[in-house]
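Asker: from the sequence below, what's the structure:
(2 chains)
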Amino acid sequence: DVKVTQSSRYLVKRTGEKVFLECVQDMDHENMFWYRQDPGLGLRLIYFSYDVKMKEKGDIPEGYSVSREKKERFSLILESASTNQTSMYLCASSFSGEKLFFGSGTQLSVL
Amino acid sequence: GQQVMQIPQYQHVQEGEDFTTYCNSSTTLSNIQWYKQRPGGHPVFLIQLVKSGEVKKQKRLTFQFGEAKKNSSLHITATQTTDVGTYFCAGRGTYKYIFGTGTRLKVLA
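Answerer: Numbers count the residues shown, from 1 in each chain, chains lettered A, B, ... in the order given. Predicted coordinates for the structure are as follows:
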């Protein structure tokens, strides 16, 4: 079974802190994605990567950056956390054109 | 940019009633996927539709892809309490999938 592991299920941070969300997949997928999920807004794409060291902005990249140094790991970075970044963050991976496998999500609260 | 709208946002049904959610894209899609997210869980893949006019069935679930490949629907016949959750469609762009806003289904026993 494909496993997509997110480092934390719940995270509480203070405004202005630098926050790292980690995601690891074990199926050699070339594509990896970061979404945030907010009530009534569905899943919105923040960044995605289709290869190591490659990254593309999604629909809401402002305030975020990403890193993909190894194929299995895709990190989301909040450079200076703000309260409007309180959300559920979901990582996903896939082969090109195929189904997405999601991690369990990280519920981030920024106080 | 590409947008995918989904209606309704919420639906409450009595157990045994049918349920349908609709997905509409602002652009032609190469394919569309459907996901289910149980309360407290993460989205799980249900199905992918690729061809214009395609219809696929999974037990009580029927998925359709429109002729113009800009809309899709998911129909559940005779809902059960296990169908509770949020159903998302996701339309494919070049590398990425754009998700609809989801339809949250509640089934009343």
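Asker: could you grab the helix/strand/coil label for A:His29?
Answerer: coil (DSSP: H, G, I helix; E, B strand; the rest coil).
Asker: leaving out the residues flanking it, which one is nearest to it?
Answerer: Sequence neighbours aside, A:Ser93 is the residue nearest to A:His29 in space, at 4.0 Å (criterion: C-beta to C-beta, 6 or more residues apart in numbering or on different chains). C-beta here means a position set from N, CA and C on the backbone, and glycine is covered the same way.
Asker: how is that neighbour assigned, secondary-structure-wise?
Answerer: Three-state call for A:Ser93 (three-state DSSP): strand.
Asker: tell me which residues in the helix or strand where B:Asn24 lies are buried?
Answerer: B:Asn24 belongs to strand B:19-25 when assigned by DSSP states H and E. Going by neighbour count (16 or more other C-beta atoms under 10 Å in any protein chain shown), the buried part of strand B:19-25 is B:19, B:21-25.
Asker: tabulate those residues (CSV), appending pLDDT.
Answerer: Shown next, in CSV, are the buried residues of strand B:19-25 (pLDDT from 0 to 100):
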residue, pLDDT
B:Phe19, 97
B:Thr21, 98
B:Tyr22, 98
B:Cys23, 96
B:Asn24, 95
B:Ser25, 92
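Asker: chain B: strands as residue ranges?
Answerer: Along chain B, counting by DSSP state E, strands occupy B:4-7, B:10-14, B:19-25, B:32-37, B:44-49, B:55-58, B:61-65, B:71-76, B:85-92, B:97-99, B:103-108.
Asker: for those, give me a markdown table that also has distance to A:Leu100.
Answerer: Listed next are the strands of chain B as a markdown table, based on distance: least, C-beta to C-beta, whole Å:
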| stretch | distance to A:Leu100 |
| --- | --- |
| strand B:4-7 | 14 |
| strand B:10-14 | 24 |
| strand B:19-25 | 16 |
| strand B:32-37 | 7 |
| strand B:44-49 | 7 |
| strand B:55-58 | 18 |
| strand B:61-65 | 17 |
| strand B:71-76 | 16 |
| strand B:85-92 | 7 |
| strand B:97-99 | 7 |
| strand B:103-108 | 18 |
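Asker: ok, which of these comes nearest A:Thr5?
Answerer: A:Thr5 sits nearest to strand B:44-49 of all these, at 15.9 Å, using C-beta to C-beta.
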